[in-house]
Structure formats: structure tokens, C-alpha cells
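Visitor: Sharing a sequence plus its predicted fold:
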Amino acid sequence: MAKRKIIWSHRAKIKLIEILDFYVERNKSKTYSEKLYGKFVEALKLLQKHPDLGKKTDIDSVRGIIIRDYILLYESTKDALFVHVLWDTRQSPDKLEIKK
């Protein structure tokens, strides 16, 4: 079976960059951001093979997986893994919008 292609929504890409840039600025080093990005990549590789691994959400086709202080919300098809949102769990859940 071919690997599922990973497709990030525009919003998820922006959030990823904001998160990584925040830690570079705060820590004055890329080290933590590189490690955190590696955790996201590891999780996505695992989801490519086992897309049902994430916890179901209120939206039938969307699942979430926890990576440190973040939840990666995604949808899986036979050919692709769609990353909808990368959500900081320390934020108010009232602000969370999974799909636009």
C-alpha cells in the first residue's frame, strides 16, 4: 500500500510556523523548535500507516492526536491525510474551529 500524502490546510501551516517561530524567539535558539517539529513529523508518519490511531471528534471524519501541548486534528482518506488544525491545548476550546 502506498503512503498517504500529507496535505496541510493553509491555517494549519500558518499555525505550525507561528508555534515554531515563537519558541525560536523565546528560547533564542532553534533547538526546541526542531525537536517539536520532529515530534509532529513522527506523529504524521505514524498516522500515514495507522490513520485510525487518533481519537474521534464530534465531527465523524475528523480525528485528533496529542503531541506534547498540541492536538493535531486531521482527516484521512485512502490516499491522503488532511491536517485541518494544529491546536494549542492551553487555549480556550471555545475558539477552536476545525473546518472552515
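Guide: Cool, got the structure. Numbering: from 1, shown residues only.
Visitor: where does the residue lying farthest from the centre of the chain fall, phi/psi-wise?
Guide: Seen from the C-alpha centroid of the chain, the residue lying at the greatest distance (Cα atoms, centre = their mean) is K28, 23.9 Å away. Note on K28: backbone dihedrals following degrees, to the nearest 10 are phi 60, psi 30.
Visitor: Need the pLDDT of it.
Guide: We note a pLDDT of 96 for K28 in this prediction.
Visitor: list the contacts for the most centrally placed residue in the chain?
Guide: The centroid of the chain falls nearest to L72 when counting by Cα atoms, centre = their mean (3.0 Å). Residues near L72 by Cβ atoms under 8 Å, 6 or more residues apart in numbering: F40, A43, L44, G54, G64, I65, V83, V85, L86, W87. Glycine gets a C-beta too; all of them are placed from N, C-alpha and C.
Visitor: Among those residues, pick out the one closest to R11, please.
Guide: V85 (6.6 Å; Cβ to Cβ).
Visitor: Show me the beta-bridge partners of the closest one.
Guide: Here V85 shows beta-bridge partners L73, assigned using DSSP bridges.
Visitor: Surely it touches K15?
Guide: Yes: proximity of V85 to K15 meets the contact threshold set by Cβ atoms under 8 Å, at 7.1 Å.
Visitor: just to revisit the earlier point, mind checking which of the contacts of L72 land in strands?
Guide: Secondary structure assignment by DSSP state E places G64, I65, V83, V85, L86, W87 of those in strands.
Visitor: just those: which has the poorest pLDDT?
Guide: The lowest pLDDT within the ones in strands among the contacts of L72 belongs to W87, with 88.
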